[in-house]
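Novice: Just to be clear, the model below is a prediction. Sequence and coordinates:
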Amino acid sequence: MPKRSLPLLRTAWLIFPALLAAGLGGCSGPVLDPAGDIALQQRDIIFFSTALMLLIIVPVIILIVLFAWRYRKGGGGTYDPSFDHSAALELAIWSAPLLIIIALGALTWSSTHLLDPFRPLAANTGSVGETAASAEAPAPPPLVVQVVSLDWKWLFIYPEQGVATVNELVLPVNRPVRFDITSSNMMNTFYAPTLAGMIYAMPGMQSRLHAVLRRTGDFEGYSANYSGAGFSDMRFRLRGVDAAAFAGWLSDVRAAKGELSLAAYRELVKPSEKVPVIRYGDVDSDLYRRILERCVEPGTMCIGEMMRHAGHGHAMPGEQPPRAKGALFKEGAEKGEGANVTKPAPPAEAPGATKPGAPKNRNQS
C-alpha cells in the first residue's frame, strides 16, 4: 500500500464513526427506547440488521476512497493495463454479501414467527428479558382491549371492565394485553411505537395484537395510514400505570355518566377532528360485535346472519361452516334434473340377447 494512502485511510476510519454517531444521536424516542417487550425485540432487530449491513457498507466506503487514491491519474498512481480478473477479488465481492443476505433471511424468518401479532404473549416470554421475580410469579391473565378506528379518532373498549374511552388508552404494566382491532368504515393502522409494531384496522375484519408494557409513563399512539382530512390529528394518549393506579382509573371512568349505547355510537362514528378524551362508564356489551359485523344501523343485517341466510350452513360464530359437495362426488340422483344436467346413457344391450349366433359373441379381445 502506498505510504500516501495511510493518512487518508486513518482519516476515513476516524470520520465515519463520528458521522454515524452524530446521525444516531438524533434517533432517540419510542422506537429506540421502547417501554414494551415486543417493541424492544423489534428495536434489537433494527440494530442487528444495521450492524450486518455495515459489515459490507463500511469496507466498501473505505475501498472507494482507497482505490480512487491508489489508481489516480498522475504521479504516484498505479496503472495496470493488463489486469482483467482476480479470483480472490471475485470471491470476496460475492461471498460477503451472500453471507449477509443469508443471515438477514434467517433473522427475518425467525422474527416473523416469533413476533407474530396473533401469537399469545406467553409464547414470547422465553425471548424477553425478565427479572427473576417476574419469572417466578404466575403470569396474570391478559387484559382484553377492543380497538375501533373511527374518523378521525380511536375508540377503546374494555369488555371485561365494561368501560370505554376515546383517544385514551391506559394499560397496567407487566400485564399482557390482547388487542382486538377493527375499523368503522375505512382502512387504518393502529400504531403505538413504544408498545409494538403497526397493525392494520379494516372494516368487517379483525386483526389482533399481543403486547405488554414494562414501565410506567405517558406515551403517544397514532394512525400510520393516511385516511383523510383529520389524519394528522388522529392520535391517542397511551399511559402505562401500575395495578393500583389502573384500578383507580377504572373507578374514575365508571363514575363518568357517559353511556356508549348503539345510539351514542352512531353519533360518535360521525367524522370529527381533534377530539378530546371521552370516557364512558357503561358500554353496550354487544357493541363491538355489531361494529365488526357492520350492523350498527337499525334494520341492518349482520354479516354472520347474511352468511347463514346465504346457505353456508348454520355454524355458530367461530365454527367452520360445512363445505358443499362438488358435482363430481355426487351420485346421479343427487344431481337432480334440468337442462344443464346430462341424462345418463341407457345401458348397452348385449347382442347375445337378440342374436345368439352373432360373431360379436365370440370376440374375446
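Specialist: Cool, got the structure. Numbers count the residues shown, from 1 in each chain.

Novice: List the residues that contact M186.
Specialist: M186 is in contact with S149, D151, P203, S227, G228, counting by Cβ atoms under 8 Å, 6 or more residues apart in numbering. The way it works is simple: take the backbone N, C-alpha and C, and place the C-beta from them, glycine included.

Novice: Quick one, grab the pLDDT at the third one.
Specialist: Just to be clear, that refers to P203. Note for P203: predicted pLDDT of 93.

Novice: In terms of pLDDT, where does the closest residue to it other than its chain neighbours sit?
Specialist: Nearest non-adjacent residue to P203, counting by Cβ to Cβ, 6 or more residues apart in numbering: S183, 4.9 Å away. Note for S183: predicted pLDDT of 94.

Novice: And the strands in the stretch 151-300 of the chain, which stretches?
Specialist: Counting by DSSP state E, counting those that start in this stretch, the stretch 151-300 of the chain has strands at residues 153-158, 163-166, 168-172, 177-183, 188-191, 199-201, 207-211, 217-223, 235-241, 259-260, 278-280, 282-283.

Novice: Let me know how buried V173 is, in neighbour terms.
Specialist: When neighbours are defined as other Cβ atoms under 10 Å, V173 has 18 of them.

Novice: which residues sit in contact with it?
Specialist: So V173 contacts V212, L213, R214, R215, T216, G240, V241, D242 (Cβ under 8 Å, 6+ apart).

Novice: Excluding chain neighbours, what is closest to the fifth one?
Specialist: So the one you mean is T216. Per Cβ to Cβ, 6+ apart, closest to T216 is G240, 4.7 Å.

Novice: Please report how far that neighbour lies from G228.
Specialist: Separation of G240 from G228 (Cβ to Cβ, to the nearest Å) stands at 30 Å.

Novice: Looking at the two now, which is surrounded by more residues?
Specialist: Neighbour comparison, G240 and G228: the larger count goes to G240, with 24 against 12 (by other Cβ under 10 Å).

Novice: who are the neighbours in contact with that one?
Specialist: Applying Cβ under 8 Å, 6+ apart to G240 gives the contacts A35, L171, P172, V173, L213, R215, T216, G217, D218, F219.

Novice: between the residues you listed, which is nearest W69?
Specialist: Distance to W69, by Cβ to Cβ, is smallest for A35 among the contacts of G240, at 47.6 Å.

Novice: hang on, that closest one packs against R214?
Specialist: Yes: assessed by Cβ atoms under 8 Å, A35 is found in contact with R214 at 5.9 Å.

Novice: Between these two, which is the more surrounded one?
Specialist: Comparing A35 with R214 by other Cβ under 10 Å, the one with more neighbours is A35, at 22 against 18.

Novice: residues of stretch 290-300 that come out buried?
Specialist: Within stretch 290-300, the residues scored as buried using 16 or more other Cβ atoms under 10 Å are R290, I291, L292, E293, R294, C295, V296.

Novice: Is it correct that the fourth one is in contact with T300?
Specialist: In other words, E293. No: if you go by Cβ under 8 Å, E293 and T300 don't touch, sitting 9.2 Å apart.

Novice: if I look at A51, how far off is L107?
Specialist: On the measure of Cβ to Cβ, A51 and L107 end up 11 Å apart.

Novice: Also W249?
Specialist: W249 is 39 Å from L107, where distance means Cβ to Cβ.

Novice: more neighbours, these two?
Specialist: Neighbour count, other Cβ under 10 Å: between W249 and L107, W249 has more, with 18 against 14.

Novice: How about the closest residue to the more buried one other than its chain neighbours: which residues does it bridge to?
Specialist: Distance criterion Cβ to Cβ, 6+ apart; nearest residue to W249, sequence neighbours excluded, is V170 at 5.2 Å. V170 has these beta-bridge partners by DSSP bridges: R239.
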